[in-house]
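>>> Would you be able to build a 3D model of this:
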Amino acid sequence: MFDTKTYKTILILEDKTVYYGWSFNNQNYTTGEVVFNTGMTGYQEIITDPSYAGQIITFTYPEIGNTGINIEDSESRQPFIKGIITKNLCLHSSNWRESQSLIAYLRQHNIAHIYGIDTRALTKHLRKTGTMNGCISTEIDNQAEVFKKLQTCHKMEGLDIVKQVSADNPVTFNKITAYKPKYTPQISQNKYAPLNIVIVDFGTKYNIVRSIQELSVNIKINVVPADTTSQAILDLKPDGILLSNGPGDPSAVNYGIEMVKNLITKQIPVFGICMGHQILSLAMGLETFKLKFGHRGLNHPVGMNQSITISSQNHGFAVMPNDTLNDHILIHETNHNDQTVASIVHRKYPCFAVQYHPEASPGPHDSINLFSHFIKIITIHKKYPQIQDKST
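Have a look, this model is predicted:
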């Protein structure tokens, strides 16, 4: 059992709004962009998602930590978040897969947190004013100093955080343990020919790798750092390239944009997810912009016309449509909540991308078939190379 001593804690936003709560960590000053996630489940996936690097996550669901933390469900090698904000933190978690409590996990990784505040009121404030930087601190009697520390926190616009979360060296993944409980029967795998997939790591979630591996035992996956050159990727002789999710402002990842510009002309199938979608869009000539409060949750409807897919999303930037590029780029789906771009397809090159997470688990599985779609495009492309557009 852990020490249950608590500390009075404050959260100060850059508009000088102050919230008072408690923490199990004695923490001086932790700053980051304060965002909110509306999901009712999946806090371990959220906390370990590299896309949240540099951010303090507000959970709108009131009770967090009921099932503790387990070994299998982490999405990266370590948490990259700055902190979490909750209404309640569960003291006595219980789950048959639990390896430690959430509170013990927060202490082990020195993750700043504050609980005991009205997170839904905070969320309404962020929706009205827009996401902003905030500071969590136990220095409640020195708010002027806390606010001074907050003013040194960088804005997310123009910030490249990808290099903080990307792998330092190329990694070959043989097999990642699946999420499935022990009693669940194995799903039969498709008989694909041997394929070589390269994942460009802008902040890859492990379940992206799992989702591809579960399709076939004949798929080799190489994960390469975000700043890998296009030539180094081509030297790996990939049959397909996946551009992963990741944190920060996509327009600041110049090296990634230039690398993708070179790759898409090589007629190699490319699939972009979230940050990968934005990087691919920028490489094609589109632009991105910062959303007022972002899309972070498990129930975002996307589609076109009468078609709707429920998706898991986590992004603070979006792609701006450009009618002058319609001859080259098809906007395949939009977000039905605000009509922002949700997916694109290139009309000549075998490239497509989505602004949501088909790999999300826990989360909706409506779009999980995008991984098999990607593999099918690769397979057809290898079998019928003559279908390539020679005019490009």
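>>> Give the buried residues for the longest strand along the chain.
Identified as the longest strand of the chain according to DSSP state E is strand 287-303. Neighbour-count burial for strand 287-303 flags 288, 290, 293-298, 300-303 (criterion: 16 or more other Cβ atoms under 10 Å). (C-beta placed from N, C-alpha, C; glycine too.)
>>> Including pLDDT, could those go into JSON lines?
Shown next, in JSON lines, are these (pLDDT from 0 to 100):
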{"residue": "T288", "pLDDT": "97"}
{"residue": "K290", "pLDDT": "97"}
{"residue": "F293", "pLDDT": "96"}
{"residue": "G294", "pLDDT": "96"}
{"residue": "H295", "pLDDT": "97"}
{"residue": "R296", "pLDDT": "97"}
{"residue": "G297", "pLDDT": "95"}
{"residue": "L298", "pLDDT": "93"}
{"residue": "H300", "pLDDT": "95"}
{"residue": "P301", "pLDDT": "96"}
{"residue": "V302", "pLDDT": "96"}
{"residue": "G303", "pLDDT": "95"}
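>>> for the residues you listed, which one is nearest I264?
T288 (17.1 Å; Cβ to Cβ).
>>> so that closest one touches L282, yeah?
Yes - because the distance of 6.4 Å satisfies Cβ atoms under 8 Å, T288 is recorded as touching L282.
>>> any common contacting residues for those two?
Shared contacts of T288 and L282, defined by Cβ atoms under 8 Å, 6 or more residues apart in numbering, comprise 250-251.
>>> Surely M132 touches K16?
No - contact criterion Cβ under 8 Å: M132 and K16 do not qualify, at 10.5 Å.
>>> of the two, who's got more company?
M132 (19 against 9; other Cβ atoms under 10 Å).
>>> In the stretch 101-250 of the chain, mark out all the strands, start to finish.
112-115, 132-137, 171-173, 195-201, 219-225, 240-243 (DSSP state E, counting those that start in this stretch).
>>> The shortest one pairs with which strands?
For strand 171-173, sheet partners with direction are given as strand 219-225 (antiparallel), following DSSP bridges.
>>> quick one on the thing from earlier: averaging pLDDT over each of the strands of the stretch 101-250 of the chain, which comes out lowest?
Lowest mean pLDDT within the strands of the stretch 101-250 of the chain: strand 171-173, a mean of 83.
>>> how far out from the middle of the chain is that one?
20 Å (Cα atoms, centre = their mean, to the nearest Å).
>>> now do stretch 317-328
Chain-centre distance of stretch 317-328: 22 Å, with Cα atoms, centre = their mean.
>>> go on, stretch 305-321?
Averaging C-alpha positions (Cα atoms, centre = their mean) puts stretch 305-321 13 Å from its chain's average.
>>> just stretch 140-147 next, same as before
32 Å.
>>> Mind listing the strands the longest strand of the chain pairs with, and their directions?
Strand pairing for strand 287-303, using DSSP bridges, gives strand 309-320 (antiparallel), strand 329-335 (antiparallel).
>>> before we move on, the earlier item: reformat the strands of the stretch 101-250 of the chain as TSV; add distance to I344.
Formatted as TSV, the strands of the stretch 101-250 of the chain follow (distance: least, Cβ to Cβ, whole Å):
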stretch	distance to I344
strand 112-115	37
strand 132-137	30
strand 171-173	27
strand 195-201	17
strand 219-225	23
strand 240-243	12
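>>> and L370, which of these is closest to it?
Taking the strands of the stretch 101-250 of the chain one by one with Cβ to Cβ, strand 240-243 is closest: 10.6 Å.
>>> Would you mind pulling the contact partners of the closest one?
Here strand 240-243 has contacts from 195-200, 202, 208, 212, 233, 256, 260, 263, 268-273, 275-277, 279-280, 353, 374-375, 377-378, using Cβ under 8 Å, 6+ apart.
>>> Out of those residues, list just those in helices.
By the criterion of DSSP state H, membership of the contacts of strand 240-243 in helices covers 208, 212, 233, 256, 260, 263, 275-277, 279-280, 374-375, 377-378.
>>> Identify the farthest-apart pair in the residues you listed.
Farthest-apart pair in the ones in helices among the contacts of strand 240-243 is G256 and I375; separation 23.3 Å (Cβ to Cβ).
>>> In terms of packing, which of these two has more residues around it?
Taking other Cβ under 10 Å, G256 and I375 do not tie; G256 has more neighbours (27 against 22).
>>> Just the CA trace of stretch 269-278, in PDB.
The C-alpha coordinates for stretch 269-278 follow below in PDB (Å, rounded to 0.1, in the frame of the first residue of the first chain):
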ATOM      1  CA  PRO A 269       1.900   3.200 -50.800                       C
ATOM      2  CA  VAL A 270       1.800   5.700 -47.900                       C
ATOM      3  CA  PHE A 271      -0.700   5.700 -45.000                       C
ATOM      4  CA  GLY A 272      -0.800   8.600 -42.500                       C
ATOM      5  CA  ILE A 273      -2.400   8.600 -39.100                       C
ATOM      6  CA  CYS A 274      -3.100  11.900 -37.100                       C
ATOM      7  CA  MET A 275       0.300  13.700 -37.200                       C
ATOM      8  CA  GLY A 276       1.100  11.500 -40.200                       C
ATOM      9  CA  HIS A 277      -2.000  12.800 -41.900                       C
ATOM     10  CA  GLN A 278      -1.000  16.300 -41.300                       C
END
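>>> buried ones in it?
269-278.
>>> Equivalent analysis for stretch 373-389, please.
374-375, 377-379, 381.
>>> For the stretch 1-150 of the chain, give me the ranges with low pLDDT.
1-3 (pLDDT under 70).
>>> Make TSV out of the buried residues of strand 287-303 and add distance to Y349.
Formatted as TSV, the buried residues of strand 287-303 follow (distance: Cβ to Cβ, whole Å):
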residue	distance to Y349
T288	20
K290	28
F293	33
G294	29
H295	27
R296	30
G297	32
L298	32
H300	27
P301	28
V302	22
G303	24
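>>> I'd like to know which of those residues is nearest to I81.
The closest of the buried residues of strand 287-303 to I81 turns out to be R296 (Cβ to Cβ; 12.2 Å).
>>> Quick check: closest non-adjacent residue to the closest one.
Using Cβ to Cβ, 6 or more residues apart in numbering and skipping the chain neighbours, the partner closest in space to R296 is N37 (4.3 Å).
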